[in-house]
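*Asks:* sequence and computational prediction follow.
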Amino acid sequence: MVTGVPIELPKTTAAKLGQSKKPMVVTLTADGRLLPAEQIYDRILQAVPNHPRALYWLGAIALRLDRHAMAEERFRAVLRQLPNNIDALTGLSIALYELGQLAEAEQSARKAVQVDASY
């Protein structure tokens, strides 16, 4: 996973959201403070709709909070923009597995391996 990767926003948007060199949301996510992190990612999506990294992290947070249907939705939104994003493919496979959609979960996992066999 891309733990701790900063979210890059346009400078004006970053300034509005109070983004510094290491965004607070990265620290919150790493520290397990998921609900405050989720709120910040939601604000990012309001400022920059369909931002793939914000969508990814909302999916990852949803997985950790056992909101598997929401995680599936967020990872699919990332994959509509970046169809070969390994992190989103892997997250989607986990969400689908947890939802009992085993064949589709396997398909997503296999695609991740096809994209990068070392993953």
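*Replies:* Good, I have the coordinates.
*Asks:* find the centremost residue of this protein, please.
*Replies:* residue 56 (1.4 Å; Cα atoms, centre = their mean).
*Asks:* avg pLDDT for the helix or strand encompassing residue 55?
*Replies:* For residue 55, the host element (DSSP states H and E) is helix 52-64. Averaged across helix 52-64, pLDDT comes to 94.
*Asks:* just stretch 105-119 next, same as before
*Replies:* Computed over stretch 105-119, the average pLDDT equals 92.
*Asks:* list the buried residues in it.
*Replies:* Across stretch 105-119, burial judged by 16 or more other Cβ atoms under 10 Å covers 105, 108-109, 111-112. Yep, even glycine has a C-beta here, placed from its N, CA and C like the rest.
*Asks:* swap in stretch 34-49?
*Replies:* 34, 37-38, 40-41, 44-45, 47-48.
*Asks:* show me the shaky parts of the chain.
*Replies:* 1-31 (pLDDT under 70).
*Asks:* try 90 this time
*Replies:* 1-37, 40, 116-119 (pLDDT under 90).
*Asks:* ok, which stretches of it are helices?
*Replies:* Here the chain has its helices, by DSSP state H, at 11-17, 24-30, 34-47, 52-64, 68-81, 86-98, 102-115.
*Asks:* by how many degrees do the fourth one and helix 68-81 diverge?
*Replies:* Spelled out, that is helix 52-64. 160 degrees (axes from the mean of the first three to the mean of the last three Cα atoms, to 10 degrees).
*Asks:* could you dump helix 52-64 to PDB, C-alpha only?
*Replies:* Below are the C-alpha coordinates for helix 52-64, written out as PDB (Å, rounded to 0.1, in the frame of the first residue of the first chain):
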ATOM      1  CA  PRO A  52      -8.000   9.300  -7.000                       C
ATOM      2  CA  ARG A  53      -5.800   9.300  -4.000                       C
ATOM      3  CA  ALA A  54      -8.500  10.700  -1.700                       C
ATOM      4  CA  LEU A  55     -10.900   8.100  -3.100                       C
ATOM      5  CA  TYR A  56      -8.300   5.400  -2.500                       C
ATOM      6  CA  TRP A  57      -7.700   6.400   1.200                       C
ATOM      7  CA  LEU A  58     -11.500   6.700   1.800                       C
ATOM      8  CA  GLY A  59     -11.700   3.100   0.500                       C
ATOM      9  CA  ALA A  60      -8.800   2.000   2.700                       C
ATOM     10  CA  ILE A  61     -10.400   3.700   5.800                       C
ATOM     11  CA  ALA A  62     -13.700   2.000   4.900                       C
ATOM     12  CA  LEU A  63     -12.000  -1.400   4.900                       C
ATOM     13  CA  ARG A  64     -10.500  -0.800   8.300                       C
END
